[in-house]
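Engineer: Mind folding the following:
(chains A and B)
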Amino acid sequence: MASIWRYILAGLGLAALLVGIVAVVYLRLPHSVSGPDLSRSKKTSNGLFVASFEPERGVVRQGELQSWLLTLKTAAGAPVEGAAITVSGGMPQHDHGLPTSPQATDYLGEGRYRIDGVKFTMGGWWQLHFAISAAAGSDTVVFNIVL
Amino acid sequence: MRRLTSVTCLLALAALALLGGCGEPQFSDAEKKTIASMALSTLPSLKPDTTNRYADAPAAAALGSTLFFDVGMSRDGTVSCSTCHKIDRQFQDDLPQAVGVGHTNRRTMPLAGVARNPWFFWDGRRDSLWAQALTPLENPLEQAGNRAAFAHYIEKRFGERYERIFGPLPNLSTVPANASPLGTDAEKAAWNVMAAAQQDDVNRVYANIGKAIAAFERSIEPQQTRFDRFAIDLATGAKPEGDAAFSPEEILGLKLFIGKANCVTCHNGPRFTDNAFHNTGVPPVEGLPPDRGRVDAAAQVEADPFNCLGKFRDGDDSACRELRFMVKDGPQIMRAYKTPSLRGAADRPPYMHAGQFSTLEEVVAHYSKAPPSVEGVSEVHPLDLSDRERAALVAFLKTLSD
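Structural biologist: As a prediction, the model looks like this:
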């Protein structure tokens, strides 16, 4: 009788240990989450332009009103001048828009446009949508920013 | 038999402890980073306010403090800024809605760290501390005065002090005793017949009153609490001792705050606010006038002659980017209100923009349930927190007051 209990006990102990090891290994595995495309340079939706979007001072700071640079080139690499740009966006996971209304305020030459009034008030996944109209035509591009 | 059972139980418990504990630290690295970002020690020093060149002038702050506590700064001589912003009550009044000359429709906001706000009032209808200070002075439900009367009062009571700071007072001898573009019909009529230059003179004195009060208010800053001591110890790897040590309930509350309960999404940084406006489905108060929050305030701040783009601003308009790039309309600012700081909140019920909730338990229950908004769309989603989790959040919030 006692020996049966001993086996059950040993079995239980082993099972618990196994579960523990599996759980620890699982929890420590780097989970590959397929997040949004975070590239800062890409072709616009219809391939009219190549757009790059970078914070003007190099770093993204949460809660600060910042200016960014949107650089527009044609597919052939020529700077896009005289573009009309409108900015919108928000947080797709929170169903809300941007806390500010960023605008293209200055043309800095060589296809570079200053987008001022960008502010990310919270951590998480943000999107900025640009509608671009220039001599070559109109196109859109979306940049994802994760804080 | 019984012995074997108890041995089995012990072994099972040990296995569970191994599973649960496993030498895991109390907080993950990501959690530690978030906690560190909320510590008061990360609060940067107060930036200069270039729109108010007297912001850091001690004489202006001294005059501002006199005016802040002076009941002479009201229509009937009974109300000052400090009537609602009580110095011994975190500069608020413990009432669901402020009571000045009349009964207002909004909760008095505390003032710790107020100079760091980009927007003022619950709905952000002013864009600088000095423009904010002017608004209750003429609100018929608050101080109920008018700018011509304030200019005369300053000349009579504080003329010398005023002139030492702001330079010579204008000639006010022909300015009516009572006149304002916002006052009673008689006051408006009196204002409208004043020459533009005279209106400017009065507006200039009036703006300077706001700038003096703002200079005083800049000195009101948040104080370190138990949470900050805990956060510093956690960041430096020291073992929190004495009151810096958190109870298991407070630790659970903190983990929920920065995790499952998503509080830190908006209540972020060392002031526990994102300085933005959100509709969180807080219900209106019966009997109060309709209140649409930010969506109406955007037009008000844009029309305010004392806003950053107006002629009473000092410095250049590079300070006006918040106003310039503000969201002016759209469904997302319908019934949206400013995220309040949570520092000291546990000691100042009731809560929300019109004192809708009388306890922190009610506030947490509201966010856990996340009812839809009566107008616009609430940004919060149901959390279904357990009783234990809600109590833990409240326990954590209290560490921001002790």
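Engineer: Going along the chain, name the helices of chain A.
Structural biologist: A:2-28 (DSSP state H).
Engineer: List, one by one, the residues from it near chain B.
Structural biologist: Taking Cβ under 8 Å from any Cβ of the partner chain, the part of chain A that reaches chain B is made up of A:2, A:5, A:8-9, A:12-13, A:16-17, A:19-20, A:23-24, A:62-63, A:65, A:94-103, A:116-117, A:119, A:121-124. C-beta here means a position set from N, CA and C on the backbone, and glycine is covered the same way.
Engineer: now do 6 Å
Structural biologist: Residues of chain A found near chain B (Cβ under 6 Å from any Cβ of the partner chain) are A:5, A:9, A:13, A:16, A:20, A:24, A:65, A:96-97, A:99-101, A:117, A:121-122.
Engineer: any low-confidence regions in the chain?
Structural biologist: In the absence of a named chain, this looks at chain A. Applying pLDDT under 70 to chain A flags the ranges A:1-3, A:16, A:18-34.
Engineer: ah, I was thinking of chain B
Structural biologist: Along chain B, the parts satisfying pLDDT under 70 run over B:1-25.
Engineer: Most proximal residue of it with respect to chain A?
Structural biologist: Proximity to chain A, evaluated over chain B using Cβ to the nearest Cβ, is greatest for B:Phe325 at 2.7 Å.
Engineer: right, and A:Ile115 touches A:Trp68 too?
Structural biologist: Yes: counting by Cβ atoms under 6 Å, A:Ile115 does reach A:Trp68; the two are 4.6 Å apart.
Engineer: Give the burial count for B:Ala59, as a bare number.
Structural biologist: By the criterion of other Cβ atoms under 10 Å in any protein chain shown, B:Ala59 has 15 neighbours.
Engineer: where's it, which helix or strand?
Structural biologist: Here B:Ala59 is covered by helix B:58-68, with elements defined by DSSP states H and E.
Engineer: quick one: buried residues of that helix?
Structural biologist: B:60-61, B:63-68 (16 or more other Cβ atoms under 10 Å in any protein chain shown).
Engineer: Reformat those as CSV; add distance to chain A.
Structural biologist: What follows is those, written out as CSV (distance: Cβ to the nearest Cβ, whole Å):
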residue, distance to chain A
B:Ala60, 27
B:Ala61, 27
B:Leu63, 31
B:Gly64, 27
B:Ser65, 30
B:Thr66, 34
B:Leu67, 31
B:Phe68, 28
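Engineer: still on that earlier bit, list the residues that contact the closest residue to the residue of chain B closest to chain A other than its chain neighbours.
Structural biologist: Nearest residue to B:Phe325, sequence neighbours excluded (Cβ to Cβ, 6 or more residues apart in numbering or on different chains): A:Gly117, at 2.7 Å. Each residue near A:Gly117 by Cβ atoms under 6 Å, 6 or more residues apart in numbering or on different chains is listed here: A:100, A:102-103, B:325.
Engineer: So which of those is the closest to B:Ser358?
Structural biologist: For these, the closest approach to B:Ser358 (Cβ to Cβ) belongs to A:Thr100, at 34.2 Å.
Engineer: Next up, the contacts around the closest one.
Structural biologist: Counting by Cβ under 6 Å, 6+ apart, A:Thr100 has contacts A:117, A:119, B:325.
Engineer: I'd like to know which of those residues is nearest to B:Arg75.
Structural biologist: Set against B:Arg75, the nearest of the contacts of A:Thr100 by Cβ to Cβ is B:Phe325 (37.0 Å).
Engineer: Does that closest one touch A:Ala104 like I think?
Structural biologist: No: using Cβ under 6 Å, B:Phe325 is not in contact with A:Ala104, being 11.6 Å away.
Engineer: Just want the phi and psi numbers for the nearest residue to B:Gly124 once chain neighbours are set aside.
Structural biologist: Spatially, and ignoring its direct neighbours in sequence, B:Gly124 is nearest to B:Ala297 (5.3 Å; Cβ to Cβ, 6+ apart). According to degrees, to the nearest 10, the main-chain angles of B:Ala297 amount to phi -70, psi -30.
Engineer: and the gap between B:Ala297 and B:Ile333?
Structural biologist: Separation of B:Ala297 from B:Ile333 (Cβ to Cβ, to the nearest Å) stands at 8 Å.
Engineer: Going along the chain, name the helices of chain B.
Structural biologist: Secondary structure of chain B (DSSP H): helices at B:2-20, B:29-38, B:58-68, B:81-84, B:129-138, B:147-166, B:185-192, B:196-217, B:226-236, B:248-258, B:294-303, B:321-324, B:360-369, B:387-398.
Engineer: in the second one, what's buried?
Structural biologist: Applying a neighbour-count criterion of 16+ other Cβ under 10 Å, one finds B:31-32, B:34-38 buried in helix B:29-38.
Engineer: Quick check on the residues of chain A next to chain B: which are buried?
Structural biologist: By neighbour count, with 16+ other Cβ under 10 Å, these hold A:9, A:16, A:20, A:65, A:96-97, A:99-101, A:117, A:121-122 as buried.
Engineer: thinking again about what came up before, which one of B:Ala297 and B:Ile333 is surrounded by more residues?
Structural biologist: Per other Cβ under 10 Å, whichever of B:Ala297 and B:Ile333 has more neighbours is B:Ile333, with 28 against 24.
Engineer: okay, now the domains of chain A?
Structural biologist: Per automatic domain parsing, the domain ranges recorded for chain A read A:1-32, A:41-146.
Engineer: okay, these, which one's buried deepest?
Structural biologist: For these, the largest average neighbour count (mean count of other Cβ atoms under 10 Å in any protein chain shown) is found in domain A:41-146, namely a mean of 17.
Engineer: start to end distance for it?
Structural biologist: End-to-end distance for domain A:41-146: 15 Å, by Cα to Cα, to the nearest Å.
Engineer: nearest to A:Gly58, of the contacts of A:Thr100?
Structural biologist: Nearest to A:Gly58 among those is A:Lys119, at 16.8 Å by Cβ to Cβ.
Engineer: list the contacts for that closest one?
Structural biologist: A:Lys119 neighbours (Cβ under 6 Å, 6+ apart): A:65, A:99-100.
Engineer: What are the boundaries of the strands in chain A?
Structural biologist: Assigned by DSSP state E, chain A shows strands spanning A:41-43, A:49-55, A:66-74, A:84-91, A:96-97, A:103-109, A:112-118, A:125-134, A:137-146.
Engineer: Any idea how many residues pack against B:Phe166?
Structural biologist: Residues near B:Phe166, counting by other Cβ under 10 Å, number 22.
Engineer: I'd assumed B:Ala207 was in contact with it.
Structural biologist: No: assessed by Cβ under 6 Å, B:Phe166 is found out of contact with B:Ala207, at 9.6 Å.
Engineer: Close to chain A: what parts of the stretch 251-400 of chain B are there?
Structural biologist: Residues of the stretch 251-400 of chain B found near chain A (Cβ under 6 Å from any Cβ) are B:265, B:274, B:276, B:321, B:325, B:327, B:332, B:379.
Engineer: Could you rerun that using 7 Å?
Structural biologist: Applying Cβ under 7 Å from any Cβ of the partner chain, we find that the stretch 251-400 of chain B lies next to chain A at B:265-266, B:268-269, B:274-276, B:321-322, B:324-327, B:330, B:332, B:379.
Engineer: which among the residues you listed gets closest to A:Val146?
Structural biologist: Using Cβ to Cβ, B:Thr265 comes nearest to A:Val146 of these, at 14.0 Å.
Engineer: Not counting its neighbours along the chain, what's nearest that closest one?
Structural biologist: Nearest non-adjacent residue to B:Thr265 (Cβ to Cβ, 6+ apart): A:Met122, at 5.0 Å.
Engineer: Contacts only, for the one you found.
Structural biologist: Residues in contact with A:Met122, defined by Cβ atoms under 7 Å, 6 or more residues apart in numbering or on different chains, are B:265-266, B:268, B:274.
Engineer: A:Ser39 versus B:Gly259, what's the distance?
Structural biologist: 29 Å.
Engineer: Over to B:Val377?
Structural biologist: Using Cβ to Cβ, we find B:Val377 at a distance of 31 Å from A:Ser39.
Engineer: Pick out whichever of the two has more residues nearby.
Structural biologist: In terms of neighbours (other Cβ under 10 Å), B:Val377 is the more surrounded of B:Val377 and A:Ser39; the figures are 15 against 10.
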